[in-house]
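# curious how this folds, go ahead:
(chains A and B)
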There are 2 protein chains.
Amino acid sequence: PAPDLAARIRHAIDTKTKPPGSLGRIEDLAAQIALLQGTLTPRMERAQLTIFAGDHGIAAEGVSAFPQAVTAQMVLNFLGGGAAANVFARTAGVALRVVDAGVAAELAHPELIVRKIAPGTANSAHGPAMTAAQCERARAAGAALGADGHADAVCFGEMGIANTAAATLVAHKITGRPVAELTGRGTGLDDGGLRRKTEVLQRAAGRTGALTPADALAEYGGFEIAMMAGAMAAAARARRLVIVDGFIASAAALVVLTEAPKLRGAMVFAHASAEAGHRAVLAHLRAEPLLSLGMRLGEGTGALLAWPLVRAAAAMLTDMASFDDAGVSRGL
Amino acid sequence: PAPDLAARIRHAIDTKTKPPGSLGRIEDLAAQIALLQGTLTPRMERAQLTIFAGDHGIAAEGVSAFPQAVTAQMVLNFLGGGAAANVFARTAGVALRVVDAGVAAELAHPELIVRKIAPGTANSAHGPAMTAAQCERARAAGAALGADGHADAVCFGEMGIANTAAATLVAHKITGRPVAELTGRGTGLDDGGLRRKTEVLQRAAGRTGALTPADALAEYGGFEIAMMAGAMAAAARARRLVIVDGFIASAAALVVLTEAPKLRGAMVFAHASAEAGHRAVLAHLRAEPLLSLGMRLGEGTGALLAWPLVRAAAAMLTDMASFDDAGVSRGL
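Residues are numbered from 1 along each chain as shown, chains lettered A, B, ... in the order given. Presented below is the predicted three-dimensional model:
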């Protein structure tokens, strides 16, 4: 973009028929979108949600309130249109697709996109969740999915029993925050379950020392998290707005932004999850989410709820009248 | 509604295919909508925004950063489709109409709904803004507009130079909070302007002692605020969901809910305005808004941005699969 584009965007926003600054974060969002698209008249017409599903060997340690079979069951629920993500996508007019990144079950459905790296990761409490080669394959498969299509904005969701455990360990290795601070109840552990999960994750974290983001992802991540990281990076490089969902998606974004900080301009953080570790990851990234609704579901549900704000922000800049256009007097 | 409806609604929400509570405030919102509509399958298909415009005699005291002529100019901007409210309404699929409640100019436009009580209120720094009869006429005109149409949810916006001054005084008389705490910069007063506005409002407040909500509205309110209060009450009585916008709209809601607390179940508070007094009014009403985006424009813009959340909440309850429907295992 031209070096003065940011200033011209700010001027355009400030001469719209409203007191300067009176649309708060919607103005900042509009400026971000305009800069990303390199124009004073940005467009946000189409969004797409891609849900990546994968299983986790660490589920065997009893770190989730739900059995592992739920991952595959929920994939079928997405394909049947009955999950929260389906419902929110329909009300928001967002297309949805589902990717098997590594579910521990054979799933057959004409609309399922199969990119299965393996039937679940290995148990990262005892050894690497995946090999470096598997991690690279997952990221490459995600990159292909992140770069295709014609959406102006992309939402990425995930499904994977025990994936808050995986995201917590990845976030711990990259941010350096203590495991106990980052560990949360996931889908609903009680106090005893939370204690046990924290102990399991502390032991797992102790297996390794300092790691690069790529190594943290392979040692502790999941196929759905690695695939999402690849998709986010590719979408951001294609100058699509990436609407980052909750804790798991933010862990994927943390990998991407630690490796390529320049992609930050393509990312907007949708909502503050109720999961404990999310706050620390957001603080590390200096990110302030648009919504704070006490949600902790994943699936891209937070990103879907933020999409109408993104649309409104772009339309504000592109379609609102200026003081001169409308013959409205400026401030005294 | 049946006495056990609330429990049945809660059970339906808890057996949807998601961990209980994992959609946070969206679940509470769904329950509120279902209770209001008296059904386990609520509908939120259509919303309407009505913008009430009126002028304020107290503008003569220099309490706004914009000249009074802007009220009429912005009405024409709404009718021309160029204001923020128009743009947000289009992206959200919400119908918009504009009402002249008491603009200090003769406005002629085929789509303007004229319910003009008078060409602006009197200056409430020196005497009552309106007579009790005018206030009643404004509320009755609003009630007729709030009860008509077929919308599932209604948003009310306002335009009126100096109407944060009016709302501040109404809020002061009803909540008892100090004028200095409630007074804000409105459309953008500087420090000197804020000081002057605070002094003017303190003097105006000193004219009267304790007042009923109806008397506070007549002494200090505006025609657009009174008409909005009438519309809110009538819409709530018709069991429509009232999406309450920012500070001015919350002052109208404060009048309504002080007089008729039972209407609280029909109201959802859209966003936390950056205007100083809004926090105190929300605290007084024990209301927690859905959004906090640093906005302070009015026009119903905050309500419009909350509408997609309302739609998503109703659709969650009506359209999501249950664990049994989808064959998904429950928690361990």
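
# identify the residues contacting the residue in the stretch 151-300 of chain A positioned nearest to chain B.
The nearest approach of the stretch 151-300 of chain A to chain B comes at A:G294, 2.8 Å away (CB to the nearest CB). Every residue, glycine included, has its C-beta placed from N, CA and C. Taking CB atoms under 8 Å, 6 or more residues apart in numbering or on different chains, we find A:G294 in contact with A:A274, B:G24, B:R25.

# and A:A104, by the same measure?
A:A104 touches A:D55, A:Q68, A:T71, A:A72, A:P119, A:G120, counting by CB under 8 Å, 6+ apart.

# alpha carbons only: can I get the helix or strand encompassing A:E199 in CSV?
Per DSSP states H and E: A:E199 is located in helix A:191-206. Output of helix A:191-206 as CSV, limited to C-alpha atoms (Å, rounded to 0.1, in the frame of the first residue of the first chain):
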residue,chain,number,x,y,z
ASP,A,191,-12.1,-29.1,40.8
GLY,A,192,-10.6,-32.6,41.1
GLY,A,193,-10.5,-32.9,37.3
LEU,A,194,-8.8,-29.6,37.0
ARG,A,195,-6.2,-30.6,39.6
ARG,A,196,-5.5,-33.8,37.7
LYS,A,197,-5.3,-32.0,34.3
THR,A,198,-2.8,-29.5,35.8
GLU,A,199,-0.6,-32.3,37.1
VAL,A,200,-0.7,-34.2,33.8
LEU,A,201,0.2,-31.0,31.9
GLN,A,202,3.0,-30.0,34.3
ARG,A,203,4.6,-33.5,33.9
ALA,A,204,4.2,-33.3,30.1
ALA,A,205,5.7,-29.8,29.9
GLY,A,206,8.7,-31.1,32.0
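
# angle of the helix or strand that that helix is followed by against helix A:191-206?
Scanning forward in sequence from helix A:191-206 by DSSP H and E, the next helix or strand is helix A:213-220. Angle, helix A:213-220 to helix A:191-206, by axes from the mean of the first three to the mean of the last three CA atoms, to 10 degrees: 130 degrees.

# what's helix A:213-220 in contact with?
Contacts to helix A:213-220, defined as CB under 8 Å, 6+ apart, come from residues A:124, A:128-132, A:134-135, A:166, A:169-170, A:173-174, A:204-205, A:207-208, A:211, A:225-226, A:229, A:254-255, A:258-259.

# now the buried members of the contacts of A:G294.
Buried residues within the contacts of A:G294, defined by neighbour count using 16 or more other CB atoms under 10 Å in any protein chain shown: A:A274, B:G24, B:R25.

# right, and the last one touches A:L293 too?
By that I understand B:R25. Yes - between B:R25 and A:L293 there is a contact under CB atoms under 8 Å: 4.4 Å.

# below-threshold pLDDT in chain A: ranges please.
For chain A, the stretches flagged by pLDDT under 70 are A:1-3, A:332.

# show me where it has strands.
A:47-54, A:95-102, A:113-114, A:153-159, A:241-244, A:267-269 (DSSP state E).

# still on that earlier bit, can you select the buried ones from the contacts of helix A:213-220 in ChimeraX?
For the buried members of the contacts of helix A:213-220, the matching ChimeraX selection, counting by 16+ other CB under 10 Å, is:
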select /A:124,128,129,130,134,135,166,169,170,173,174,204,205,211,225,226,229,254,255,258
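
# inside helices: which ones of the contacts of helix A:213-220?
Members of the contacts of helix A:213-220 lying in helices (criterion: DSSP state H): A:132, A:134-135, A:166, A:169-170, A:173-174, A:204-205, A:225-226, A:229, A:254-255, A:258-259.
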